[in-house]
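Q: here is a sequence together with a model predicted from it:
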Amino acid sequence: MTGFSRDEMEEMVRRWVAANDEAGRTGDWSKMSGFFTEGAVYSWNTGANWEFVARGRQEIHDFAFDSEMSGLEHWTYPYVRTLIDDQKGEFVGFWRQVAPVEDPSGVPYEIAGTGGSWFRYAGDFQWSWQRDFFDHANAGAVFGAMAQNGQLTERMLERMKRGSKMPGWTRRTEFDWFSTLADPEA
């Protein structure tokens, strides 16, 4: 892979983080899909048996930033550290997951553990590949506490009922995310 200029990579990360912050403020995640190539792959693990996979900008828009973010409007994902490899054209960002709702003690709910995203840059201010990682056990504990306290939105409750029937959910045996490292648009 050909490297990219450090300035270009830094500008891409700046634009991405700014758009992420704006999406959290407005609750509108739909514009985030414009940062991906037509053939991009976006994935994350959803537990022992499932992967979330969106292939192409349209699926990323429809699955990742619409159905998967349903019920998470106004959650924020502030980046706490960004690491850029301009020679490989890759970026890793570590973020928090903070709810717009406070727990009974008056502190906003937050999913503990490490959250982050690993990206491959394609040039032209677009990603060709993204892989997220976060702690599903801690996410489940937070959503469970919110449900117990009657603080989940109807959209989130509906989404949780659908579980593995959500668009983009794929059996782990049917998707090898490691293979996308070699050819992210395969």
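A: Thanks, I have the structure now. Numbering: from 1, shown residues only.

Q: make it CA atoms for all contacts and neighbour counts henceforth
A: Fine.

Q: the helices in this protein, which residues?
A: Taking DSSP state H as the test, the helices found in the chain are 6-26, 57-59, 136-148, 154-162, 179-182.

Q: mind listing what's buried in the last one?
A: Pointing back at helix 179-182 there. Within helix 179-182, the residues that count as buried by 16 or more other C-alpha atoms under 10 Å are residue 180.

Q: one more: the longest one?
A: The neighbour-count check on helix 6-26 (16+ other C-alpha under 10 Å) flags 9-10, 12-13, 16-17, 19-24 as buried.

Q: now those in a markdown table, with distance to residue 181 and pLDDT?
A: Output for the buried residues of helix 6-26, formatted as a markdown table (distance: C-alpha to C-alpha, whole Å; pLDDT from 0 to 100):
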| residue | distance to residue 181 | pLDDT |
| --- | --- | --- |
| 9 | 19 | 97 |
| 10 | 22 | 98 |
| 12 | 20 | 98 |
| 13 | 20 | 98 |
| 16 | 21 | 98 |
| 17 | 23 | 98 |
| 19 | 25 | 98 |
| 20 | 24 | 97 |
| 21 | 27 | 97 |
| 22 | 29 | 97 |
| 23 | 28 | 97 |
| 24 | 29 | 96 |
